[in-house]
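S.K.: Provided below for reference: sequence and predicted model.
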Amino acid sequence: MSGGVGGRRARCDPLTAFSTPVNAPAYASPPYKFTDREYFRIVYRTDLEAVRGVVPEPLTVVDPVVRFEVIRMPDSTGFGSYHECGQIAIVEHDGRQVDFNIGLYVDSVSAIVSGRELGGYPKTGGTPRLYVDSDTLVATLDYGTLRVAIGTMGFKHHERDGNEAIEELCLPVYQLKVARGNGGALRACELVQTSMTDLVVKGAWTAPGRLQLFEHALAPLADLPVREVISATHTLTDLTLGEAQTVHDYLEK
């Protein structure tokens, strides 16, 4: 046994710890690759003032269009198999159309934690599902024991052009990243952007779609009510998710 303080000193470098546990990270390091990532998307028009109330500057709302989506990810590096549900406002930044994530509901603890720590995604817990019921593609979101959303579309009614699907999926995705220190003081408040690379569309379809949202205090998707369904799409892909980059720092002086 070595003597003195030096012989008893801890050797872990906290700056090299990827996540906790420090000796068994809860998730793999990025970038993350997704095989057979499956999208169900319903684009709908809602109330203008309702969207403006949840979208921060410098983003602008030209048309109150929102997207409800459920993504099934059966083969994800580091995360295994899980589902994600998002409510996304389609807005503009510097004259360019972008997506803004209002909220994401995920059924994977490691995906929630890594999303908050690394990507800045405003993820929380939920139970999304995507499945085929006879001739209908069904997407649902439950929060606890309660159903908060259900979307349906005809299964593979019309094939879509793959390039058109790629263009939609490759729009920049923006979300708020907020980190607080002791006492709740803000340490970071940023608008960050992520994008996808190596995107391959393996199939894309459209069909008649419908969406119903149910009131819930902690999963308030219904605060942006459905006024008009614009489109419903179903896409099967392989892709890599890129790292987040800061677009706007709200704490800059």
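M.R.: Yep, it's here.
S.K.: how about low-confidence regions in the chain?
M.R.: The chain contains residues with pLDDT under 70 at 1-6, 120, 253.
S.K.: hmm, 80 instead?
M.R.: 1-7, 118-122, 243, 253 (pLDDT under 80).
S.K.: most centrally placed residue in it?
M.R.: Nearest residue to the geometric centre of the chain (CA atoms, centre = their mean): Leu104, 5.0 Å.
S.K.: so that one sits in a helix?
M.R.: No: judged by DSSP: H, G, I helix; E, B strand; the rest coil, Leu104 forms no part of a helix; its state is strand.
S.K.: Assess the claim that it and Gly125 are in contact.
M.R.: No: under the criterion of CB atoms under 8 Å, Leu104 makes no contact with Gly125, lying 10.2 Å away. C-betas here are computed from N, CA, C, even on glycine.
S.K.: OK, contacts around Ala179?
M.R.: Neighbouring residues of Ala179 by CB atoms under 8 Å, 6 or more residues apart in numbering: 186-189.
S.K.: Lys123 versus that one, what's the distance?
M.R.: The gap separating Ala179 from Lys123 is 14 Å, by CB to CB, to the nearest Å.
S.K.: Kindly report the same for Met153.
M.R.: Distance from Met153 to Lys123, by CB to CB: 25 Å.
S.K.: The two: which has the busier surroundings?
M.R.: Neighbours per residue, other CB atoms under 10 Å: of Met153 and Lys123, the larger number sits with Met153, 25 against 22.
S.K.: Okay, and the beta partners of the more buried one?
M.R.: When bridges are called by DSSP bridges, Met153 pairs up with Leu137, Gly209.
S.K.: ditto for Glu190
M.R.: Going by DSSP bridges, Glu190 forms beta bridges with Lys177, Asp249.
S.K.: My read is that it contacts Thr246, right?
M.R.: Yes: between Glu190 and Thr246 there is a contact under CB under 8 Å: 4.9 Å.
S.K.: which of these two has more neighbours?
M.R.: Glu190 (20 against 12).
S.K.: Let me know how buried Tyr143 is, in neighbour terms.
M.R.: Neighbours around Tyr143, by other CB under 10 Å: 21.
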